[in-house]
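Colleague: Requesting a structural model of the entry that follows:
(one chain, ligands or ions: 1)
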Amino acid sequence: MSDGTVLYEKRDGGVAWVTLNRPDVLNAINMRMRDELWELMHAVRDDPDVRVVVFKGAGERAFSAGADITEFGTAPSIAEARRARRERDLWGLMLSLDEVLIAAVHGYALGAGVELPMCCDIRIASTDATFGLPEVSLGYIPSAGGTQTLPRHVPPGLALQMILTGDPIDSSRALASGLVQKVVPRERLYAEAEEMADAIAARSAAATRLTKRAIVDGAELSLESGLALESVLVRRALETASLPR
Ligand code: COA
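Modeller: Alright, predicted model coming up:
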């Protein structure tokens, strides 16, 4: 996908990089980019060599300024738009992957440009990053999972404030609230993401996969059910004692 809206690079050691590649429009996510990401996430899921995926945005100004507003209202009908979203549920697919997803975020991360990172497991930001969900101020509602994912990352009051006002927060607030896990100078962003990705990819594949399932799936369960899930996964880890993929 070298001339696409998304660039894909598989590196040694089980790490792949996905670059949102429409820098002239601040990497706005249009239907073509969604479709290319949809195909790519299937390829990642089916590729045993890929263990960790890092997402980044091309250009200096943005990870992504969100859904492509020039496409708003261009679907043949509301029913058609809903059907397309249901059949190609990119965000649900990302949330279901066993691979570890890391977002390396710089500049603007707005709308789907912050909802995509929230479908990742770990978010690293550069100091210049700003995060916002402007949909309600535009008369829409977040539709890439934001109403559900944001309150799972930050306190509900802050999620409501961000979504209802549309006001963005800066990287230090994002770090303090738990939206991102690390903030680094811009020039260090990709090196930090690479170091983290390499470190995770160097761990046992099965242990990583099972641990991710325990944490991600367990977060939706009661403590009791989560502990039961952990027991099942521990047994599975012991059964694959040599821990192949
Ligand atoms: N969809 C489509 N194009 C977008 C876009 C988006 N979400 N965000 C930015 N662009 C385009 C602009 O139209 C402009 O294109 P042009 O050079 O052909 O005119 C280019 O990206 C640069 O953006 P610009 O608005 O000139 O930069 P800025 O520094 O003045 O403002 C933002 C930056 C992010 C504040 C502003 O672009 C913006 O508000 N974008 C929309 C954010 C948004 O509402 N996202 C959708 C959420 S549902």
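Colleague: does any part of stretch 130-145 sit near the ligand?
Modeller: Yes: Stretch 130-145 comes into contact with the ligand (C-beta under 6 Å from any ligand atom), by way of 134-135, 138, 140. (Glycine included, C-beta is placed from N, CA and C.)
Colleague: Could you pick out which of those are located in helices?
Modeller: Applying DSSP state H to the residues of stretch 130-145 next to the ligand, no entry is found in helices.
Colleague: Mind putting those into JSON lines with pLDDT?
Modeller: Shown next, in JSON lines, are those (pLDDT from 0 to 100):
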{"residue": "134", "pLDDT": "97"}
{"residue": "135", "pLDDT": "95"}
{"residue": "138", "pLDDT": "90"}
{"residue": "140", "pLDDT": "90"}
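Colleague: Between the residues you listed, which sits nearest residue 47?
Modeller: Closest approach between these and residue 47, by C-beta to C-beta: residue 135, at 33.3 Å.
Colleague: and the closest residue to that closest one other than its chain neighbours, helix, strand or coil?
Modeller: Excluding the flanking residues, the one nearest residue 135 by C-beta to C-beta, 6 or more residues apart in numbering is residue 142, at 4.9 Å. Counting by DSSP: H, G, I helix; E, B strand; the rest coil, the backbone at residue 142 sits in coil.
Colleague: low-scoring pLDDT stretches of the protein, where are they?
Modeller: 1-2, 75-83, 85, 241-245 (pLDDT under 70).
Colleague: Show me the strands in it, by range?
Modeller: In the chain, the strands defined using DSSP state E lie at 6-10, 15-20, 52-57, 62-64, 100-105, 108-110, 122-126, 130-132, 169-170, 182-184.
Colleague: Looking at the ones you listed, which one is packed in the most?
Modeller: strand 62-64 (a mean of 29; mean count of other C-beta atoms under 10 Å).
Colleague: All good on my end, thank you.
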